[in-house]
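Colleague: pasting the sequence and the predicted coordinates here, then a few questions.
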Amino acid sequence: MIEIHRARRRTGGVVLRVALALSATACVGQAQLTVRRNLGAVLSEEEGTAAALERSLNDFLTEARNGRFPTELVDPVQLARFGFFYEGLSGAGAGPDFDAPTVLRSYTLDGHAYVVTVAFTGVRDGAPFLHKVIEFEATPFQDGYRFSSRFEAETQAFQVHRIGGVTFHSRGSLDLEKANRFSRFREQLGELTGTPPAPLDYYCFESLGDLLRSYGFVFDSTKCNFLGRDLGFADDEGRRYVTGTGREDYIFGYVGPFLAQRLPDGGEMYGPFVNGMAAYYGGYSLSADTLGDLKRQFRETLEADPDVDFLAEFQKGRASSVQRHFSFYVMCAFLCEEAIARHGFEGALRLAYSGSGEGPFFEELEELLGVNESNFHATIVRLIATESNQ
C-alpha cells in the first residue's frame, strides 16, 4: 500500500513520513463507493471493458478518499512524479455531506486507455455544492485499470527552451530575459547553499486555471479557481517546477521548495522567514514588488498611522497586511536583508532554521542581530528607512 507522504527530517537524522492526505486515518473504514453516471454516461461502449473500468474506478475513488493509492490502482512511478495530482485527489468526497462521485464522461482515443471525468458533489445546509471535477487517465493493468494524471499528454505540444540546467516548457513564446534571470538565480542559490542544482523542468503556465486543467483539475474549490494568476510549487521530487503566474522568473515560489528539498532538515524551517527570503530574492509573490517597493509601502503605512506597532502586526500573522502583502512575510524580508548584510547568507539560514514557531525565531533573532520584542518595532522603522541592496 502506498500513501502520499513527504519525508521530513528532524534533529538526529530520524526520518518521519507525514501523510498529506486530508485526515486519511479518519476516513478509513468508510463504505465502498459506487459511482453514479450523469445523464446516462457510459464508461465504454464495450460491455466487458465498461465492467472492468467501473470496478477499478470504484476501488480507486474509495482508496483515494481514504488517502491511499495501492499499486494495483496507481503506478508507484506515477505517484512519485505527480504528487500534486494525487494530493489533490486524496480525501476527495470524504465526509457525510458528499454524494457518490458522478462520472460526467468517459472516452478513449486509442481503444486502449480511457479518459474519465468525475465530479464530486454534495449537499450542505440544504444547498447543493460542487467540490471538484477531476479528469484522469485509466490504463489497463492486470485484470483492471490504473489511474494517472494526464499532465504529460496535456503539455506535450508545449514549446521547449533549454537555458543552463533549466528546460522551460510553455504554451506560447518565452520571455528569454526572464528565463535567463531565473536560471542565473538558480545557479546562485545552488552556490549559496553548497548544493549544485540538478536539471530542472520549469513549466510556465499562463494562469492558475491552465495549470490546474493540465494536471486534471477541471474545477477545484480548494485551489482558488477565482484567481487568474497564481501558484508556484515543486513536483516530481523537485525535478519539476510549476507556476501559473505566466512568468518565467517566478523566484518567490521556487526558494522555499528548493531549501526544503535540498538542505538537511529543510522541511523544519520557519515558514514566515522562508517566505521573507523568497520575497527578498524574488519580489513579493504575485505582485513582484521589490524590496524597495515594500519599504516604501511600509513607510507610507507608518506615515498614515504613526501609532502602528510593527511587533503587534508581525504577531497577527496572516491577519495583518500592507498593500495586500502579509506583513510578517515582508518584515522577514527586511530582516533577511539585515542578516545577509551583517552575516552573509549563513546568517539568513540561521534565522530560517530557528524552528517552526515564533518563540524560537525571536530567540535566534536576538542572538544574531540583537533584535528582540522590545526593539522590534524600532528595528523595522530603521530598516524601512534604508536603501535596499536588491
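Modeller: Structure's in. What do you need?

Colleague: so how far is residue 208 from the spatially most central residue of the chain?
Modeller: Centroid-nearest residue in the chain, with C-alpha atoms, centre = their mean: residue 233, separated by 4.2 Å. Separation of residue 233 from residue 208 (C-beta to C-beta, to the nearest Å): 11 Å. C-betas here are computed from N, CA, C, even on glycine.

Colleague: same thing with residue 258?
Modeller: Taken as C-beta to C-beta, the span from residue 258 to residue 208 is 21 Å.

Colleague: low-confidence stretches in the protein?
Modeller: 1-30, 225-230 (pLDDT under 70).

Colleague: longest strand of it?
Modeller: strand 127-141 (DSSP state E).

Colleague: which residues are contacting that one?
Modeller: The contact list for strand 127-141 (C-beta atoms under 8 Å, 6 or more residues apart in numbering) reads 53, 56-57, 72, 75, 85, 88-89, 92-93, 97-98, 104, 112-123, 145-150, 153, 216-222.

Colleague: CA atoms only: put it into PDB for me.
Modeller: Extracted in PDB, the C-alpha atoms of strand 127-141 (Å, rounded to 0.1, in the frame of the first residue of the first chain):
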ATOM      1  CA  ALA A 127     -27.900  23.600  -0.600                       C
ATOM      2  CA  PRO A 128     -26.100  21.600  -3.300                       C
ATOM      3  CA  PHE A 129     -22.400  22.200  -3.900                       C
ATOM      4  CA  LEU A 130     -19.700  21.300  -6.400                       C
ATOM      5  CA  HIS A 131     -16.400  20.400  -4.700                       C
ATOM      6  CA  LYS A 132     -14.200  19.100  -7.500                       C
ATOM      7  CA  VAL A 133     -14.300  18.000 -11.100                       C
ATOM      8  CA  ILE A 134     -11.200  15.800 -11.900                       C
ATOM      9  CA  GLU A 135     -10.100  14.200 -15.200                       C
ATOM     10  CA  PHE A 136      -7.700  11.400 -15.300                       C
ATOM     11  CA  GLU A 137      -6.400   8.600 -17.500                       C
ATOM     12  CA  ALA A 138      -7.200   5.000 -17.000                       C
ATOM     13  CA  THR A 139      -4.700   2.500 -18.400                       C
ATOM     14  CA  PRO A 140      -5.200  -1.300 -18.500                       C
ATOM     15  CA  PHE A 141      -3.300  -3.200 -15.800                       C
END
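
Colleague: quick one: distance of that strand to the chain centre.
Modeller: Remark: strand 127-141 is offset 20 Å from the chain centroid, using C-alpha atoms, centre = their mean, to the nearest Å.

Colleague: keeping just the C-alphas, turn the helix or strand that that strand is followed by into PDB.
Modeller: Counting by DSSP states H and E, the element after strand 127-141 in chain order, helix or strand, is strand 144-148. The C-alpha trace of strand 144-148 is given here as PDB (Å, rounded to 0.1, in the frame of the first residue of the first chain):
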ATOM      1  CA  GLY A 144      -8.400  -3.900 -14.200                       C
ATOM      2  CA  TYR A 145      -7.100  -0.300 -14.700                       C
ATOM      3  CA  ARG A 146      -4.500   2.000 -13.200                       C
ATOM      4  CA  PHE A 147      -5.200   5.800 -12.900                       C
ATOM      5  CA  SER A 148      -2.900   8.700 -13.500                       C
END
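
Colleague: what is whichever helix or strand comes after strand 144-148 packed up against?
Modeller: Downstream of strand 144-148, the first helix or strand assigned by DSSP H and E is helix 151-155. With contacts defined as 3 or more C-beta pairs under 8 Å, 6 or more residues apart in numbering; DSSP states H and E, helix 151-155 has these neighbours: helix 208-215.

Colleague: so what touches the helix it packs on?
Modeller: 82, 84-85, 88, 149-151, 154-155, 171, 203, 205, 218, 220, 223-225, 227-231, 242-244.

Colleague: sorry, back to before: please list only the buried members of the contacts of strand 127-141.
Modeller: Among the contacts of strand 127-141, the ones that count as buried by 16 or more other C-beta atoms under 10 Å are 53, 56-57, 72, 75, 85, 88-89, 92-93, 98, 104, 113-122, 145-150, 216-220.

Colleague: show me the residues you listed that map onto strands.
Modeller: 104, 114-122, 145-148, 217-220.

Colleague: helix/strand/coil for the residue nearest to the centre of the chain?
Modeller: strand (DSSP: H, G, I helix; E, B strand; the rest coil).

Colleague: dig out what it forms beta bridges with.
Modeller: When bridges are called by DSSP bridges, residue 233 pairs up with residue 242.

Colleague: what of residue 134?
Modeller: residue 118, residue 217.

Colleague: how many other residues sit next to it?
Modeller: Neighbour count for residue 134, taken as other C-beta atoms under 10 Å: 26.

Colleague: how about residue 142?
Modeller: So residue 142, with other C-beta under 10 Å, has 9 neighbours.

Colleague: wait, residue 331 touches residue 314, no?
Modeller: Yes: contact criterion C-beta atoms under 8 Å: residue 331 and residue 314 qualify, at 5.4 Å.

Colleague: between those two, who's got more neighbours?
Modeller: residue 331 (27 against 24).

Colleague: element containing that one, please.
Modeller: helix 327-343.

Colleague: immediately after that helix, which helix or strand?
Modeller: Assigned by DSSP H and E, the successor of helix 327-343 is helix 345-352.

Colleague: following that following helix, which helix or strand comes up?
Modeller: Counting by DSSP H and E, what follows helix 345-352 is helix 358-369.

Colleague: send the alpha carbons of that next one over as CSV?
Modeller: Output of helix 358-369 as CSV, limited to C-alpha atoms (Å, rounded to 0.1, in the frame of the first residue of the first chain):
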residue,chain,number,x,y,z
GLU,A,358,7.6,32.5,16.8
GLY,A,359,9.3,31.9,20.1
PRO,A,360,12.5,30.2,18.8
PHE,A,361,12.6,32.7,15.9
PHE,A,362,12.8,35.6,18.3
GLU,A,363,15.5,33.8,20.4
GLU,A,364,17.6,33.4,17.3
LEU,A,365,16.9,36.9,16.1
GLU,A,366,18.2,38.4,19.3
GLU,A,367,21.3,36.2,19.3
LEU,A,368,22.1,37.0,15.7
LEU,A,369,21.0,40.6,15.3
